[in-house]
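Undergrad: coords please:
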Amino acid sequence: MAGETDGPRATSSTPRLTGAQPRVAAVTERLAPVHQGWLKEFSVVMHRRYAYPPRHPSRLAAEEVALGALAVALEQQKEIAIAVTKRQLAIDGGFSDPKNPALGELAERLHRQGIGSITLRAGVTATEFDALLERIVNTEPSDEDDDWEEVSPLGPHVAIQMLSYDGLSLSDEIEDEKGPDATGERLWRELAEVALKGSDGTDGAGSGGGGSGEQPGSGDRGDGAAEGAAPPGERTSGSFPSLAPTGEFGAVASAERLANVISQRAHDPRFAAEMLKSMLKLGRHTRRRGRTGSGELAARLRDVLAQLKPGTMKALLESELDPVRKRNLIMQGVDALPFSVVLDWIQAAAASADETISHHLLRLLRKLAAGTRRRRDHGPDDGGEALRQAGRQLIEGWNLQINETDAHSALLERLSSYDHGEHALDGGDQAGADLIVKIALETDVTGHDVLAAADRLVDDKRLAALLGLLDGLPSSEIAGPAIRQHLLSPEALRRTLLAEPIDAEGARLLLARCDAAQADSLLDALAISEAKETRLLIMQRLREIGEAARDQILARLQGSPWQVQRNLLSLIGAMATLPSDLRIDGFARHEEPTVRVEAIRILVRVHGRREAAIHDALADPDLRVIRAALDAAHQGGVPRRAALRLLQCVQKAEADSDLRVRGIPLLGQVPLASTRDWLVQLVLRRRGFFRRLALQPKSAELLAALRVLAAHWRTDAAAATAIKLADKSGDTEVRDAVRAGSPR
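TA: The predicted model follows:
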């Protein structure tokens, strides 16, 4: 919105696209290619949503392609947040090209409908994607001041947030992010105003809430206000001296009184809704600002929330009666509030939603939160992301019933009561881990601590360094073999290969040390991993192991998901010798085309099955399967039975398509008059007033057809004209195409 008029510009208090400069023509940092790709497919889907009715094949195909492209992007980035401006889309600081018509129109469409941002998380299902599209098509801008509230959730992996204008300010008033936080102070004053407005004048309400009002036995206002100040019941935001923009309201006494007011009024549904809205707005702002000036505001909010009376948070949350909206509100609180009070928020949320959370688990999380604070400085609450993530997962699962044995409860109690967290270190453990391994290798001793140190190095993405230590001391007879055996154990392999993001260099070095003994562990990781890079590394190593892992691969072929079956068939096809007991006829008829492709590649190598496999594959509705059949025909020739079907397949292919260009050279093995006539028709055309014969414009399929005619029908009268015209052509490539052939 900034920069749309020539006068003072309205600029959001959220992170700005143009900074404090008066006008910027275009943002120079562009979207990453992976985001450009899936957003273009998303734009196509939106067009077809408006153009075609539900269940239309064109619409369904576009949605499938777009969802696939999005899944690829989410493999690289587990959460994608899209900010919407009037003509551009922004992801991670990169902006779409304003001159790109597809993305520009998509941005304008979303902006017109009042959508401010869209968040997508790894694991988006087809149902959630369809719901997102439906919501975008049907969404209309809202005039309500509900910027704290997302629209009703579409699923755990998709969220839409509408545009809001209540946080806008003139660009001339925008403060330096490293200077005073005027926006934060305004949000703080709004929170205090919500708490104190209309209160009854007792301690912690009305005058007491901000240190204003008349104290017993005193003729002066506690805040130095004039005698003629408005009564408590008539005050506005300007009536609270403690709400001055200089931030005097940050005193402990003010936080204490605010907490008392909120605790007393929490059961009023209207007050509770307004208070939650103000809390979340202020919390989100302090998190956005991070360490650059809002540490004091975060501390104020933390102090107020920490001093609330027991049951206050639960009462605030109970003001929202709709369970779906309540869960959405709870998730926003986990993301926005200072992490030191997130656990209190989750516990109150559980109580208000009649859910159960193990008190042992809460004690463990509190211990983790305390350890996190100790490892950081005393600045603002900008950390604890692991704790927030745990909270989100807790709420998404939510049904945590206490079903523990006495022994389990005792163990959790011991862990949650363990006080050695005071000595937690940030970086020293890493240096200590490799030192322990070095000493163990040099002294040739091992033990639990040595293996734990090795695990620490693996978890810290330092597996390559660990393997370097092992290779550097090959003389170790005890410690070295023990660590190698530990690293190649099923548990360690799965932990290494399933870590995201994967330590690619370390994983590659470790996989090189794997053989058939680790095949089952590698196949487990291949089936479980969601990262394409990991699967490619594992597939490459399993191909190198080859026939030594044949039995393990065959044992998993039946009953696995189709993605796993496709990979297993690919591994079988890479073996120099096929298993004699291999039965894959059913896979050649599998509903998934990529499975059929791998099955065809194997069947053409089976004695007595090649001709039927190619013949059947040429009639497949999927082009990928037909290409596999053409590849097989190029390698071993066209079976006589499949000759006519090959001709029909090439004739039906689109002009200049990859399928036609790859299929035409094979037509030399189809010695039919109809083949010759079709090739002649393909290369010749009539032009001019007298309709003389001439060659078609040069193309890949023209050159391929001329080579076939010259090689197999050079002396044929029906092909003579085409060959003669090509031989006299002024184009070198055309002449070479017919001169390379020779009479049959």
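
Undergrad: In terms of helices and strands, where is Ala90?
TA: Assigned by DSSP states H and E, Ala90 falls within strand 89-91.

Undergrad: Could you give the average pLDDT over the very next helix or strand once past that strand?
TA: Once the chain leaves strand 89-91, the next helix or strand it forms, by DSSP H and E, is strand 94-95. Averaging pLDDT along strand 94-95 yields 84.

Undergrad: I'd like the distance from the helix or strand following strand 94-95 to the chain centre, please.
TA: Downstream of strand 94-95, the first helix or strand assigned by DSSP H and E is helix 101-112. For helix 101-112, the separation from the chain centroid amounts to 22 Å (computed by Cα atoms, centre = their mean, to the nearest Å).

Undergrad: Now do the strands in the chain.
TA: For the chain, applying DSSP state E gives strands covering 10-12, 79-84, 89-91, 94-95, 115-121, 158-162, 168-170, 684-687, 692-695.

Undergrad: can you put those in CSV and add distance to Arg189 and mean neighbour count?
TA: In short, each C-beta sits where N, CA and C put it, glycine included. Formatted as CSV, those follow (distance: least, Cβ to Cβ, whole Å; neighbours: other Cβ atoms under 10 Å):
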stretch, distance to Arg189, mean neighbour count
strand 10-12, 19, 19
strand 79-84, 27, 18
strand 89-91, 30, 22
strand 94-95, 33, 18
strand 115-121, 24, 19
strand 158-162, 24, 20
strand 168-170, 14, 15
strand 684-687, 79, 13
strand 692-695, 81, 14
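
Undergrad: partners of the strand holding Ala90 in the sheet?
TA: If you go by DSSP bridges, strand 89-91 pairs up with strand 79-84 (antiparallel), strand 94-95 (antiparallel).

Undergrad: Which one of the strands of the chain has the poorest average confidence?
TA: With a mean of 38, strand 10-12 has the lowest mean pLDDT of the strands of the chain.

Undergrad: What distance do you get for the residue nearest to Thr534 when sequence neighbours are not counted to Ala71?
TA: Spatial nearest neighbour of Thr534, excluding adjacent residues (Cβ to Cβ, 6 or more residues apart in numbering): Ile502 at 5.0 Å. For Ile502, the distance to Ala71 equals 18 Å [Cβ to Cβ, to the nearest Å].

Undergrad: residues in contact with Leu89?
TA: By Cβ atoms under 8 Å, 6 or more residues apart in numbering, the contact set of Leu89 is 31, 39, 82-83, 95-96, 103, 106-107, 110.

Undergrad: who's it bridged to?
TA: Note on Leu89: beta-bridge partners by DSSP bridges are Val84.

Undergrad: Quick check: the gap between it and Gly586.
TA: Separation of Leu89 from Gly586 (Cβ to Cβ): 45 Å.

Undergrad: Then Asp551?
TA: From Asp551 to Gly586 the distance is 20 Å (Cβ to Cβ).

Undergrad: rewinding a little: can you put the contacts of Leu89 in JSON lines and add distance to Ala453?
TA: Putting those into JSON lines (distance: Cβ to Cβ, whole Å) gives the following:
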{"residue": "Leu31", "distance to Ala453": "42"}
{"residue": "Leu39", "distance to Ala453": "45"}
{"residue": "Ile82", "distance to Ala453": "43"}
{"residue": "Ala83", "distance to Ala453": "44"}
{"residue": "Phe95", "distance to Ala453": "45"}
{"residue": "Ser96", "distance to Ala453": "47"}
{"residue": "Leu103", "distance to Ala453": "50"}
{"residue": "Leu106", "distance to Ala453": "51"}
{"residue": "Ala107", "distance to Ala453": "51"}
{"residue": "Leu110", "distance to Ala453": "51"}
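
Undergrad: Identify, from these, the entry nearest to Lys728.
TA: Nearest to Lys728, judged by Cβ to Cβ, of the contacts of Leu89 is Leu103 at 49.6 Å.

Undergrad: wait, what's in contact with the closest one?
TA: Listed by Cβ under 8 Å, 6+ apart, the contact partners of Leu103 are 36, 39-40, 43, 88-89, 96-97.

Undergrad: can you put those in CSV and add distance to Cys514?
TA: Shown next, in CSV, are the contacts of Leu103 (distance: Cβ to Cβ, whole Å):
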residue, distance to Cys514
Gln36, 37
Leu39, 39
Lys40, 40
Ser43, 44
Gln88, 47
Leu89, 43
Ser96, 43
Asp97, 45
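
Undergrad: of all these, which comes closest to Leu133?
TA: For these, the nearest to Leu133 is Ser43 (11.7 Å; Cβ to Cβ).

Undergrad: number of nearby residues for the closest one?
TA: 22 (other Cβ atoms under 10 Å).

Undergrad: Same check on Arg55?
TA: By other Cβ under 10 Å, neighbour count at Arg55 equals 7.

Undergrad: Let me see the contact set for it.
TA: Arg55 makes no contacts at all, as judged by Cβ under 8 Å, 6+ apart.

Undergrad: Leu473: what's it in contact with?
TA: Leu473 makes contact with 441-442, 480, according to Cβ under 8 Å, 6+ apart.

Undergrad: Kindly provide the distance from it to Val450.
TA: 13 Å.

Undergrad: Same check on Asp631?
TA: Using Cβ to Cβ, Asp631 is found at 52 Å from Val450.

Undergrad: of these two, who's got more company?
TA: Taking Asp631 and Val450 together and counting by other Cβ under 10 Å, Val450 has the greater number of neighbours (20 against 16).

Undergrad: The nearest residue to that one once chain neighbours are set aside and Ala643, how far apart?
TA: Computed as Cβ to Cβ, 6+ apart, the closest residue to Val450 that is not its neighbour in sequence is Ala440, at 4.3 Å. Distance, Ala440 to Ala643, using Cβ to Cβ: 69 Å.
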